[in-house]
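A.B. asks: next one to model:
(chains A, B and C)
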Amino acid sequence: MSRSCPECQGSLATERIETVCTDCGLVVADDPLDRGPEWWACDADERERTGAPLTRSRHDRGLSTEIGRSTRVKGRKRRRLARMRRQHDRARIASKTDRNKVYAFTEIRRVVGQLSLPYSVRDQACALFSSAQDESLLRGRSLEGFAAAAVYAVCRTNNVARTVGEVVAVARADRNELRAAYAAMNRDLGLPVGPIDPREYLPRFATELDLPPALERRARALLDDLAVSGKNPSGVAAACLYAAARDTDHAVTQADAAAVADVTPVTLRSTYRALD
DNA sequence: ACGATTATTGCGTTCTT
DNA sequence: AAGAAAACAATAATCGT
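C.D. replies: You can find the predicted model right below:
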């Protein structure tokens, strides 16, 4: 399969079932082939891969037993079942750290869903949160902040950049909580994050501004010969898109371009002026 | 704590209708 | 002429070191 992303022409990567653009994070296709575990295999090695599908995004990796709620069971027996279910659920998340994990994973799932990011990001974010918890980085910092920061950090390491603002907008944490958590993880866990390449923002911003791929390529060219040191990468990307779009029939105002990048028009202008 | 970058606000200017 | 957009300046806030 050698297709490219319909939104941004970026390259695609297939991860289990969904196919994801490596540039903009768009989930492109549902692969009809299930690359999940085999269910029919009979020899010993293969049999280890049976069972419920594992996922990092549940604190018990998806391995759990539920006590059903049958409507056909009535009266005393029904109440007994309810009590068993309650006890079972409590036993399942016994420790405090496990309870935190449940809450954090739920939040991570929610944020990842709201940002329509691929499952791989979700699972990595959950794994990252677990690492942070193991290093007891949570002490004195907010759980929600760590959940949001984990998603943000994984986005950065996977080169599907989201701005802090975009994450905070849907998270149950504010900017400071995310920053505190992110700083702690970056310091003590040593996240493999370099400076953000403004190119990562181009495809997404271009579609948000209704700009054709041709203009995106023009912006990319502008970006290639531009010294960007110490400048807000999303602002730089927006400036290049604006520069590429002006003088065309797809003209975009500075205010609009700045808005999709979550910066002010002044910031956009500062790099736009350095573009000549 | 410091220096550089960015946000915010306000204002006179330029371009379009 | 009116209104929007781009430009400019000053100050406050913020980030990386």
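
A.B. asks: any chance you could map the strands in chain A?
C.D. replies: Along chain A, counting by DSSP state E, strands occupy A:12-15, A:18-21, A:27-30.

A.B. asks: measure the spatially closest residue to A:F129 that is not a sequence neighbour to A:G230 for me?
C.D. replies: In space, and not counting its chain neighbours, A:F129 is closest to A:A150: 4.6 Å by Cβ to Cβ, 6 or more residues apart in numbering. To be clear about C-beta, it is placed using only N, CA and C from the backbone, and glycine gets the same treatment. According to Cβ to Cβ, to the nearest Å, A:A150 stands 26 Å off from A:G230.

A.B. asks: of the two, which one has the most company?
C.D. replies: For A:A150 versus A:G230, the count of surrounding residues by other Cβ atoms under 10 Å is larger for A:A150: 32 against 6.

A.B. asks: pLDDT score for the more buried one?
C.D. replies: Looking at A:A150, its pLDDT stands at 93.

A.B. asks: how about A:R122?
C.D. replies: We have a pLDDT of 93 for A:R122.

A.B. asks: what is the burial count for it?
C.D. replies: 22.

A.B. asks: next one: it from A:R109, what distance?
C.D. replies: Separation of A:R122 from A:R109 (Cβ to Cβ) stands at 6 Å.

A.B. asks: over to A:T163?
C.D. replies: A:T163 sits 21 Å away from A:R109 when distances are taken as Cβ to Cβ.

A.B. asks: for A:G145, same thing?
C.D. replies: Using Cβ to Cβ, A:G145 is found at 17 Å from A:R109.

A.B. asks: who has more neighbours, the two?
C.D. replies: Neighbour count, other Cβ under 10 Å: between A:G145 and A:R109, A:G145 has more, with 24 against 19.

A.B. asks: A:A183 is in contact with that one, correct?
C.D. replies: No. Here A:G145 lies out of contact with A:A183, judged by Cβ atoms under 8 Å, at a distance of 10.3 Å.

A.B. asks: what does chain A have sitting close to DNA strand C?
C.D. replies: Residues of chain A lying close to DNA strand C by Cβ under 7 Å from any atom of the strand are A:R175, A:R179, A:T253, A:Q254, A:A255, A:P265, A:V266, A:R269, A:Y272, A:R273.

A.B. asks: try 10 Å
C.D. replies: A:164, A:175-176, A:178-179, A:182-183, A:186-187, A:195-196, A:230, A:232, A:242, A:245-246, A:251-258, A:264-266, A:268-270, A:272-273, A:276 (Cβ under 10 Å from any atom of the strand).

A.B. asks: which pLDDT value belongs to A:R83?
C.D. replies: Reported pLDDT at A:R83 in the predicted model: 82.

A.B. asks: count the neighbours of it for me.
C.D. replies: 10.

A.B. asks: how near is it to A:R99?
C.D. replies: Relative to A:R99, and taking Cβ to Cβ, A:R83 is found at 20 Å.

A.B. asks: how about A:V164?
C.D. replies: Relative to A:R99, and taking Cβ to Cβ, A:V164 is found at 28 Å.

A.B. asks: A:L137 now?
C.D. replies: Distance from A:L137 to A:R99, by Cβ to Cβ: 17 Å.

A.B. asks: show me which of the two is the more surrounded one.
C.D. replies: Relative neighbour count places A:L137 above the other of A:L137 and A:R99, with 21 against 13, counting by other Cβ under 10 Å.

A.B. asks: roughly how far does the residue nearest to that one when sequence neighbours are not counted sit from A:G235?
C.D. replies: Nearest residue to A:L137, sequence neighbours excluded (Cβ to Cβ, 6+ apart): A:A184, at 4.7 Å. For A:A184, the distance to A:G235 equals 26 Å [Cβ to Cβ].

A.B. asks: settle it for me: which of those two has more neighbours?
C.D. replies: The neighbour comparison of A:A184 against A:G235 (other Cβ under 10 Å) goes to A:G235, with 26 against 20.

A.B. asks: per-residue confidence for the more buried one?
C.D. replies: A:G235 carries a pLDDT score of 90 in this model.

A.B. asks: sorry, back to before: would you confirm that the residue nearest to A:L137 contacts A:S142?
C.D. replies: No. Here A:A184 does not reach A:S142: they are 11.2 Å apart, not a contact under Cβ under 8 Å.
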